[in-house]
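A.B. asks: structural data only, the sequence is not supplied:
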Ligand SMILES: Nc1ncnc2c1ncn2[C@@H]1O[C@H](COP(=O)(O)OP(=O)(O)OP(=O)(O)O)[C@@H](O)[C@H]1O
């Protein structure tokens, strides 16, 4: 079953500095299966964040449509930077998008504890490392119990050990609360490790260059050698390649 169907007939940003406006998207289509994990890969500045914004409804200035199988789906969005409100505690940041019903606070505290943030619930974000702030942003995205989770390079600029811990945490959370994920990354190893579908974008205008099912078992995903082998055969990337 398709969870979200994206059809962008045209998306263009206004021209800057006298250059003519170039269409970012023209006749682009992408269907995302329910409870699938799709990783979007592609060069910097191509339009991946724009695509997430169109799906989320943050940007409605385009020709086309985004249709969801579920009416009024709950959407969690983890942005490229954690975007926490500095004058709110961790718990307040996480509960901000939630309806203020009985049990909201208890559930949010439970989620924070589950995510290793129990002791940080009542502190302000500036006291936390970037890794912890990213963890809070992940908690905020999960707290809405999303039908669709949009993630825009959520682990970028972390050291590998921290990024790895968060990747494991994300995989655990999704195993426990299955949801549809669209995940933007520059890192094809991260994509192979987490996703069940890789969509490699090229352009402009943006087009799908490769659309690959990731067939690795959870055990193979934990093995860097298997991930590299898959990148090599499925994406044509060599062992030393950066992307
Ligand atoms: N609000 C805006 N106004 C004008 N141009 C914009 C706006 N937002 C994005 N752009 C331009 O649209 C293009 C695509 O931007 P976008 O952020 O979607 O790319 P991206 O693939 O996510 O890049 P990155 O991987 O570097 O984050 C870029 O050239 C960017 O400068």
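C.D. replies: Happy to help now that I have it. From a predicted model like this one, the values you see are computed outputs, not experimental measurements.

A.B. asks: residue 208: neighbouring residues, count only.
C.D. replies: 15 (other Cβ atoms under 10 Å). C-betas here are computed from N, CA, C, even on glycine.

A.B. asks: show me the contacts for the closest residue to it other than its chain neighbours.
C.D. replies: Sequence neighbours aside, residue 199 is the residue nearest to residue 208 in space, at 5.8 Å (criterion: Cβ to Cβ, 6 or more residues apart in numbering). With contact taken as Cβ atoms under 8 Å, 6 or more residues apart in numbering, residue 199 is in contact with 30, 38-41, 208, 210-211.

A.B. asks: helix, strand, or coil at residue 72?
C.D. replies: coil (DSSP: H, G, I helix; E, B strand; the rest coil).

A.B. asks: helix, strand or coil: sort out residue 82 for me.
C.D. replies: Assigned by three-state DSSP, the conformation of residue 82 is coil.

A.B. asks: ok, it - contacts?
C.D. replies: With Cβ under 8 Å, 6+ apart, residue 82 has these contacts: 125, 130, 133-134, 136-137.

A.B. asks: mind redoing it with 10 Å?
C.D. replies: 93, 125, 128, 130, 132-138, 140, 154 (Cβ atoms under 10 Å, 6 or more residues apart in numbering).

A.B. asks: tell me how far it lies from the ligand.
C.D. replies: To the ligand, residue 82 is 15 Å away according to Cβ to the nearest ligand atom, to the nearest Å.

A.B. asks: separation between that residue and residue 158?
C.D. replies: 11 Å (Cβ to Cβ, to the nearest Å).

A.B. asks: and for the two, which residues touch both?
C.D. replies: In contact with both residue 82 and residue 158: 130, 134, using Cβ under 10 Å, 6+ apart.

A.B. asks: element containing the residue nearest to residue 208?
C.D. replies: Here residue 199, judged by DSSP states H and E, is contained in strand 197-202.

A.B. asks: name the strands paired with that strand and say parallel or antiparallel.
C.D. replies: Sheet pairing here is set by DSSP bridges, and for strand 197-202 it gives strand 37-41 (parallel), strand 207-213 (antiparallel).

A.B. asks: what's the most buried one of those strands?
C.D. replies: Mean neighbour count (mean count of other Cβ atoms under 10 Å) peaks for strand 37-41 among these, with a mean of 24.

A.B. asks: what does the average pLDDT come to for it?
C.D. replies: Strand 37-41 shows a mean pLDDT of 97.
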